[in-house]
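Engineer: test case, fold it:
(one chain, ligands or ions: 1)
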Amino acid sequence: MVRHFRTKYGYFSEDGFEYVITRPDTPRPWVNVISNGDYGLVISQTGSGYSWRTHASLNRINRWEQDLIKDEWGKYIYVKDRESGAIWSAGWKPVCTPPDSYRCRHGIGYTTIESSNFGITSSFTVFIPNEEPLELWYLTLKNSTQKIRKLTIISFLELCLGNAPDWHREFHKLFIETEYDAELCALFATKRLWEVPGENGHWNVSWPYVAFHSCSVPVESFDCDKETFLGRYGNVMLPKAVVKGRGSKRCGKWYDSIFSLFANIVLEPGEIKTVIFTLGATEEKTQAVELIKKYRSEANVTQAFSQVVSRWRSILGASVVETPDLSLDILLNVWLKYQAISGRLWGRSAYYQTGGAYGFRDQLQDCLIFLGIDPRQAKQQILLHTRHQFKDGNVYHWWHPMTELGLPSDLSDTMLWLPYAVLSYIQETGDYSILDLQEPFVDEKNLATLYEHCTLAIDRALSRLSKRGLPLIAAGDWNDGLNAVGRKMQGESIWLGHFLYAILRDFTRVCIYYDDKERAQMYSMCAEKLKKNLNAYSWDGKWYRRATKDSGEPIGSKSNAEGKIYLNAQTWAIISGVAENKRSQIAMNAVEEHLEKKFGPLLFSPAYTAPDETIGYLTRYAPGVRENSSVYTHAAVWAIIAEVIAGRCETAYRLFSKINPINRGMKPGEYFAEPYVTPGNIEGPASPFFGRGSWTWYTGSAAWLYRAVFDWILGIRADFDGLIIDPHIPSSWPFFTAKRTFRGATYLIKVENPHRVNCGVAEIRIDGVIKRDLHALGSGFLVEPLPGDHHELVVVLGKRRRNLGISLCKGEL
Ligand code: GLC
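Structural biologist: Take a look at the predicted model:
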C-alpha cells in the first residue's frame, strides 16, 4: 500500500481520499468537518467533538468546549470487559489507554477510528446520511483472543440542545427533559427553552426539535443523569457508571442531562459483532422513530454510507488534475473542495472557530468553488445572500440562519462581494439571465432584480469616496482588524480602491449587455478616475500604501515604523489592473523583498507590537499571529494570482509550495496543524512559533487556493466569452492534464511542455484538430464554448528563449 507524504503522525492514502492518522497524540486535534448541508459534526482523531443541526452555535446537540489542549469534550463510546474489568474507549479519549494499534482515517464524509485494546479490535465509523438529520456510529468489534469475551458498550454525551455554549448550565439544565423508550432502545430529549429572540425580542419558546439516541442491540440500562453517570466529583476518564457497568436508569426533568446507553454483547473467539448508534434531532418525534427503526438495520446503514461516498465522488470528480506535483493533485482533486464545501459552506464551523452564521462576504467567496463543478449551487448561494441586502445597498455583514438575525455593519467592502460573485458566475456560465431574477431586501418585501441589487451595492461604494476620490474604509474592509482606521469617515482604503476598480471595469460590460448604456458609461468613467487617483495618491515609491487614517496619516508606508508594507494593496493592484506594467513589477519585488518569508508572504510587516487605537484590533493580537503579520492564508493565496498576472511563474509556484499544507505538514513538530486542509494563518517571524499553522478548516483560503492554482497556475479559467487556456507553470513540468466542466460540457485538457517553458501557448488541438483561428489572449488563448458535451484539448506550450522573466512571458507568442 502506498502511503503518501508520510510523517510520524500519518499519511495520505493511495488515492488521496483519506488522511490516515497513525497515533492519537497529534500536536493539535486533527479533525474532520462532516456535514450534509444541514446536520453537521466535528470529530477529532481522539474521537472528541460536537454535533449540530443547521447552525453550529444556535443549535448544538451536545455540550463541547473549545479546548485544543485537552480535547476532552465529545460523544464517546466506552468499552468494558465485564470479566476483567478493563475499560477503554473506541476512540482514544476519554479513557486514553495506550492502544495496541490505532488508526484514524479522516475521509470524505466520514471518519473511522480503528484500534485494538485488550484483544478486542474495533472500528468506529461516524458519518451523516445525505438527506437526513442524524449521524450514525457504526461500531464493529472483533474478538481477537481465544477466550469468550463479555463486553458492555456504553455511549455518552452531555446534552446541550440549542445555544452553545450553555455556560450557565445550572439554568439551562432546568429546561431539558429526557425519556427512555425500552421498545426502541432509544433515548429522547426536548428542551422547553430556546434562547433565540422571538417577535418582540423576547425569548419564550421551546427548542423546536426532539433529540434522539438509539442503539441497534438490546439495551440493558441507560443513564440521563450526569451525576449518577460520572459519580459526584467524577470525571469522563473513569465514570462511576462505566466502572459499575450499569446506568442508573434515571431520566426526566430534574437532572444535568446526558444521553448514555449500555448494551451487553458476548463475542466468541474470532467473532465480529456490529453495534449501531444513532444521534440526531428531528422536528417531530415520529420522524425520529422512523430513523431509529431504519438504522437498526445494518444494510440500511451501509447503503446510506455508500450513498455518501458516491455523492462526494461525483462532486469532487467534476474536476480532476494530474500534474507532476502530487501534493497539488491531492489538494485540488480532493481536500480543498471538500474543505470549502463540507467545512465552509455546509458545516460553517470547525474546531479553532465555531460558527453557524453566514458571513456575507465569506460564503460568497467560498461558493465560487462550485463554479467549475455545479454552478447552480453557486447561484443558490448568491440568491441567498442577495436577500440579505438592505435597500440602501448595504448588507448584513453576517446573519444567522434559523433566526435571521444579522449584523448590519459599516464595513466598506462587504456589499461589493455580491457583484463580484455575480460577475464570476456570469463568466463561468454565460448566463446573464441571473440578473433578471428577483429577490426582496431585508428591509423591504418588494422585489428587485439581481441587476438592481448589484448596482445598489456598487453605487453605495461610489457614494462613499474621500475628497481625493478614494473609497472610505469606514468600519473596516476585507481586513476586519483594521476597524478603527476610518471611524470618523475620513480614512481611506487603498485595497478597496483596487477591488472596486476591478468590479467597475467588469460590471460595465454587464451594464452594456443589460442595455444600460448610461450606467455603463458612468461606471467606466468612475473606474478610470479611480485608477488615476489610486496611482496618484497611494503610491509610496516602491509599493502601494494600504490605507489612510481619519487624520490623513498613511498605513502601509515607508514612513510607518510598524505595518510598513501590506500585501493586499500590492496583490490587488495587479489583480485589478490598477498597477501598470512597471509598477506591478516594482510592487511585487517589494513583496518579495519585505513580505515573502520561509512559509509564504506575510499579510504585512513589521508586526504591530502594541495596541493602536487609531488602527484597530489587529494591533492587539500577539505579534506574528492572525491579522497581525502572519502568513494569512486567504491573502497569501492572492499573491499567487498576482504573481501569475505579473508573469512571474516560478515565484507564483514557489509561493504555492510554501503555503501548501501538505508540504508544511511534512514538519508536523513545527507546523502542528492538519496537513490536509488549509490553515487560517501560519505564524510569522514575530512569533516564537514561526511556521506554526492554526485556525484550520474555517478559512476562506480553501476555495481561493483551489482557484489560484486551477485558474491561474494551470491557467484554465472561465471568462465571459469562453474558456481561457493560459498555463503559467514551473518550467520543470513536462506536462499536466486537467478535467473540468464548462457550460454543460466536460473538457479534458492535456498540456504538453516539450521545451520546458513557463507559459505561452503555441498550439491547441481541439478534438484532434489544430485550431488556428482562436482568439489570442496574453500568452494564452480563448476557446469559445463548444457544442456537445465532451471535448479533448491538447495544448502545446511554445518554445521560449531562456526564461528571462515576465516580458517574455507576457503577451508573446
Ligand atoms: C476572517 C473573516 C473574513 C475576513 C478575514 C480577514 O477570515 O471571516 O471575512 O475577510 O478574516 O480579516
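Engineer: shouldn't Leu423 be within a helix?
Structural biologist: Yes. Assigned with DSSP: H, G, I helix; E, B strand; the rest coil, Leu423 falls within a helix.
Engineer: show me what contacts it?
Structural biologist: By CB atoms under 8 Å, 6 or more residues apart in numbering, the residues touching Leu423 are 503, 506-507, 510. Bear in mind the C-beta positions are built from the backbone N, C-alpha and C, glycine included.
Engineer: hmm, Trp495 is touching Arg546, no?
Structural biologist: Yes. Counting by CB atoms under 8 Å, Arg546 is a contact partner of Trp495 at 6.4 Å.
Engineer: need the overlap of contacts for the two.
Structural biologist: 566, 568-569.
Engineer: emit the ChimeraX select command for whichever of those are buried.
Structural biologist: With 16 or more other CB atoms under 10 Å as the burial test, the buried ones among these are selected in ChimeraX as follows:
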select :566,568,569
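Engineer: ok, the closest residue to Asn628 other than its chain neighbours - how many residues close by?
Structural biologist: Counting by CB to CB, 6 or more residues apart in numbering, the nearest residue to Asn628 once its immediate chain neighbours are dropped is Tyr621, at 3.9 Å. Tyr621 is flanked by 19 other residues according to other CB atoms under 10 Å.
Engineer: which ones among the shared contacts of Trp495 and Arg546 map onto strands?
Structural biologist: Using DSSP state E, the subset of those located in strands is Tyr566.
Engineer: take the shared contacts of Trp495 and Arg546 and write them to CSV, including distance to the ligand and pLDDT.
Structural biologist: Listed next are the shared contacts of Trp495 and Arg546 as CSV, based on distance: CB to the nearest ligand atom, whole Å; pLDDT from 0 to 100:
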residue, distance to the ligand, pLDDT
Tyr566, 12, 99
Asn568, 9, 98
Ala569, 14, 98
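Engineer: and of the shared contacts of Trp495 and Arg546, the nearest to Gly722?
Structural biologist: Distance to Gly722, by CB to CB, is smallest for Asn568 among the shared contacts of Trp495 and Arg546, at 29.7 Å.
Engineer: the closest residue to Pro685 other than its chain neighbours bridge partners, please.
Structural biologist: Sequence neighbours aside, Lys597 is the residue nearest to Pro685 in space, at 5.9 Å (criterion: CB to CB, 6+ apart). Beta bridges link Lys597 to Gly600 when assigned by DSSP bridges.
Engineer: you'd agree Lys597 is up against Gly684?
Structural biologist: Yes. Lys597 is within contact range of Gly684, at 6.7 Å (criterion: CB under 8 Å).
Engineer: shared neighbours, those two?
Structural biologist: What both Lys597 and Gly684 touch, as defined by CB under 8 Å, 6+ apart, is the set 631, 690.
Engineer: of these two, who's got more company?
Structural biologist: Gly684 (30 against 18).
Engineer: what helix or strand does that one sit in?
Structural biologist: Secondary structure assigned from DSSP states H and E places Gly684 in neither a helix nor a strand.
Engineer: the one 5 residues further on now?
Structural biologist: Using DSSP H and E, Phe689 is not contained in any helix or strand.
Engineer: now it: closest residue in space, sequence neighbours ignored.
Structural biologist: Counting by CB to CB, 6+ apart, the residue nearest Phe689 is Glu683, at 5.0 Å.
Engineer: how close does that neighbour get to the ligand?
Structural biologist: Using CB to the nearest ligand atom, to the nearest Å, Glu683 is found at 16 Å from the ligand.
Engineer: the residue nearest to Asn628 and Tyr608, how far apart?
Structural biologist: 8 Å (CB to CB, to the nearest Å).
Engineer: show me the common contact partners of those two, please.
Structural biologist: Residues touching both Tyr621 and Tyr608 (CB under 8 Å, 6+ apart) are Asn628.
Engineer: which residues does Leu159 contact?
Structural biologist: By CB under 8 Å, 6+ apart, the contact list for Leu159 reads 61-63, 176, 178, 189, 191, 211, 257-259.
Engineer: who's in contact with whatever residue of the chain ends up closest to the ligand?
Structural biologist: Going by CB to the nearest ligand atom, the ligand is nearest to Asp480 of the chain, at 3.7 Å. In this structure, Asp480 makes contact with 411, 617-618, 627, judged by CB under 8 Å, 6+ apart.
Engineer: would you turn those residues into CSV with pLDDT?
Structural biologist: Shown next, in CSV, are those (pLDDT from 0 to 100):
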residue, pLDDT
Leu411, 96
Tyr617, 98
Leu618, 98
Glu627, 98
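Engineer: strand partners of the lengthiest strand in the chain, parallel vs antiparallel please.
Structural biologist: Across the chain, the longest stretch assigned as strand under DSSP E is strand 149-162. Note on strand 149-162: by DSSP bridges, its sheet partners are strand 60-62 (antiparallel), strand 76-81 (antiparallel), strand 257-267 (antiparallel).
Engineer: in stretch 479-487, which residues are buried?
Structural biologist: For stretch 479-487, the neighbour count (16+ other CB under 10 Å) marks 479-487 as buried.
Engineer: let me have the strands paired with strand 149-162 in a markdown table, extended by mean neighbour count and distance to Ser89.
Structural biologist: As requested, those are arranged in a markdown table below (neighbours: other CB atoms under 10 Å; distance: least, CB to CB, whole Å):
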| stretch | mean neighbour count | distance to Ser89 |
| --- | --- | --- |
| strand 60-62 | 27 | 16 |
| strand 76-81 | 23 | 6 |
| strand 257-267 | 23 | 14 |
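Engineer: export those strands to TSV and tack on distance to Arg105?
Structural biologist: Converted to TSV, the strands paired with strand 149-162 look like this (distance: least, CB to CB, whole Å):
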stretch	distance to Arg105
strand 60-62	23
strand 76-81	17
strand 257-267	23
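Engineer: my guess is His385 contacts Val395, does it?
Structural biologist: Yes. Between His385 and Val395 there is a contact at 7.5 Å, judged by CB under 8 Å.
Engineer: if we can go back for a sec, out of the contacts of Asp480, who has the most neighbours?
Structural biologist: Going by other CB under 10 Å, Leu618 tops those with 26 neighbours.
Engineer: tell me which helix or strand comes right after the longest strand of the chain.
Structural biologist: That would be, after strand 149-162 and using DSSP H and E, helix 169-172.
Engineer: nearest spatial neighbour of Ile426, skipping sequence neighbours?
Structural biologist: Nearest non-adjacent residue to Ile426, counting by CB to CB, 6+ apart: Tyr432, 5.9 Å away.
Engineer: tell me, how many residues neighbour the one you found?
Structural biologist: Per other CB under 10 Å, the neighbour tally for Tyr432 reads 15.
Engineer: same question for Glu528.
Structural biologist: 13.
Engineer: pull the number of nearby residues for Lys70.
Structural biologist: Lys70, neighbours per other CB under 10 Å, totals 12.
Engineer: just say helix, strand or coil for it.
Structural biologist: Under three-state DSSP, Lys70 falls in the coil class.
Engineer: what ranges in the protein fall below the confidence cut-off?
Structural biologist: 198-200, 799-813 (pLDDT under 70).
Engineer: alongside the ligand, which residues does it contribute?
Structural biologist: Remark: the part of the chain in contact with the ligand comprises 359, 361-362, 478-481, 627, 700, using CB under 6 Å from any ligand atom.
Engineer: please flag which of those residues sit within strands.
Structural biologist: Gly359.
Engineer: right, and out of the residues of the chain next to the ligand, which lies closest to Lys8?
Structural biologist: Distances from Lys8 to the residues of the chain next to the ligand, taken by CB to CB, are shortest for Gly700, at 30.7 Å.
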